[in-house]
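Trainee: build the 3D model from these lines:
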Amino acid sequence: MGDVNEEKERSVCVSGEKTRVLVVGGTGYIGKRIVRACLAEGHETYVLQRPEIGLDVEKVHLLFSFKKLGAKLVEASFSDHQSLVSAVKLADVVISAMSGVHFRSHCILLQLKLVQAIKDAGNVKRFLPSEFGMDPSRMGNALWPGRETFDEKMEVRRAIEAAGIPHTYVLGACFAAYFAGNLSQMETLIPPKEKVNIYGDGNVKVVVADEDDIATYTAKTINDPRTENKTVCVRPPDNVLTQIELVRIWEKLTGKELEKTHIPADDFLAGMKHSDKAQQAGIGHFYHIFYEGCLANYEVGDDQEASKLYPDVKYTRMDDYLRMFL
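Mentor: Prediction:
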């Protein structure tokens, strides 16, 4: 009997069953990629259109570009609970892609409102809250004020689980645009030409992934029974690199060796003293990633690692990613 059930589950995954998806935060940095990935997977994709978008012409045009690709726009507001419930009722799956920037303001309240709307709608088969980075359940000792982000995400998780909403948490990698192209330097997004700062000895393992790949993996989890009520880590094996390894990839591509300055942990953290809250949070996050190795210092089973679950995805290796900067 067990073999029959296992085969049935596998057939659902392989068949690529399509579903109706509502993306909240679809005009955001990762959200727009998730919208496109859901469409590429053939899912019936809805994108929440909030009246608060106002005169942001780029976001308006982005929304209507989704429509040209086949997405459906759904008008709803977080200040109108019933409109939010009505939007949720259109979908089998809801994905929240509201950015971490907003988490440090009022957006945790929006996420909790979304959870309540999903609970009231009563039809959602899967909810994916806004995660995509460090695992908040492992960041209980994170430095303040960066810890606030993780505490808020855990509050959202508790609300999801208390409501009994089926869910998937997708996380585990640094966005390549912010951590790879700049060789993990703060305050720049392009590779340094002469000198590079190295955090500690530079030998702590870090996970980096192309944002489009993260979106693709996310879209694949939404109707996969193997990922229901599970955490899925995006940890492509070839992209588990130390900072030194990342720098060496760039040096090999350019044929030029960079001057390296190693920064001890205490010196790095000293930068928090004269920084504003946002900068302090960023420094804290960099510390946990590059000095403590919070993205790669724990084991992930094959049944929870995205590239193992979906080996058909040809993810971008960092040597290929860095070529755009040549």
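
Trainee: strands of the stretch 1-150 of the chain, start to end?
Mentor: Under the criterion DSSP state E, counting those that start in this stretch, the stretch 1-150 of the chain contains strands at 20-24, 44-49, 72-75, 93-96, 126-128.

Trainee: actually the stretch 201-326 of the chain, not the one I wrote
Mentor: 205-209, 230-233, 240-242, 259-263.

Trainee: Val93 is nearest to which of the ones you listed?
Mentor: Val93 lies closest to strand 230-233 among the strands of the stretch 201-326 of the chain, at 14.0 Å (C-beta to C-beta). For every residue, glycine as well, the C-beta is placed using N, CA and C.

Trainee: outside of the closest one, which residues touch it?
Mentor: Here strand 230-233 makes contact (C-beta atoms under 8 Å, 6 or more residues apart in numbering) with 135, 137, 168-173, 217, 221, 300, 303-306, 309.

Trainee: give me the neighbour count for Asp80.
Mentor: The number of residues packed near Asp80 is 13, by other C-beta atoms under 10 Å.

Trainee: what's the most buried one of the strands of the stretch 201-326 of the chain?
Mentor: strand 205-209 (a mean of 23; mean count of other C-beta atoms under 10 Å).

Trainee: what packs against it?
Mentor: strand 174-175, helix 176-179, strand 240-242, helix 243-254 (3 or more C-beta pairs under 8 Å, 6 or more residues apart in numbering; DSSP states H and E).

Trainee: taking helix 243-254 as reference, get the angle to it.
Mentor: 50 degrees (axes from the mean of the first three to the mean of the last three C-alpha atoms, to 10 degrees).

Trainee: so for strand 205-209, mean pLDDT?
Mentor: For strand 205-209, the mean pLDDT works out to 98.

Trainee: swap in stretch 47-57?
Mentor: The model assigns stretch 47-57 a mean pLDDT of 86.

Trainee: next: stretch 78-97.
Mentor: Stretch 78-97 comes out at a mean pLDDT of 97.

Trainee: what ranges do the helices span in the stretch 151-300 of the chain?
Mentor: 176-179, 211-221, 243-254, 265-270, 277-290 (DSSP state H, counting those that start in this stretch).

Trainee: mean neighbour count and distance to Ile108 added to those helices, as JSON lines?
Mentor: Below are those laid out as JSON lines (neighbours: other C-beta atoms under 10 Å; distance: least, C-beta to C-beta, whole Å):
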{"stretch": "helix 176-179", "mean neighbour count": "18", "distance to Ile108": "22"}
{"stretch": "helix 211-221", "mean neighbour count": "23", "distance to Ile108": "21"}
{"stretch": "helix 243-254", "mean neighbour count": "18", "distance to Ile108": "31"}
{"stretch": "helix 265-270", "mean neighbour count": "13", "distance to Ile108": "26"}
{"stretch": "helix 277-290", "mean neighbour count": "19", "distance to Ile108": "15"}
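
Trainee: who's in contact with the most centrally placed residue in the chain?
Mentor: The residue lying closest to the centre of the chain (C-alpha atoms, centre = their mean) is Phe132, at 2.1 Å. Taking C-beta under 8 Å, 6+ apart, we find Phe132 in contact with 30, 170-171, 173, 175, 214, 218.

Trainee: hang on, the earlier thing: let me have the strands of the stretch 201-326 of the chain in a markdown table, extended by distance to Ser275.
Mentor: Below are those laid out as a markdown table (distance: least, C-beta to C-beta, whole Å):
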| stretch | distance to Ser275 |
| --- | --- |
| strand 205-209 | 22 |
| strand 230-233 | 30 |
| strand 240-242 | 26 |
| strand 259-263 | 15 |
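
Trainee: picking up where we left off before, restrict the contacts of strand 230-233 to the buried ones and give me that as a ChimeraX selection.
Mentor: To isolate the buried subset of the contacts of strand 230-233 in ChimeraX, counting by 16 or more other C-beta atoms under 10 Å, use the following:
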select :135,168,169,170,171,172,173,217,221,300,304,305,306,309
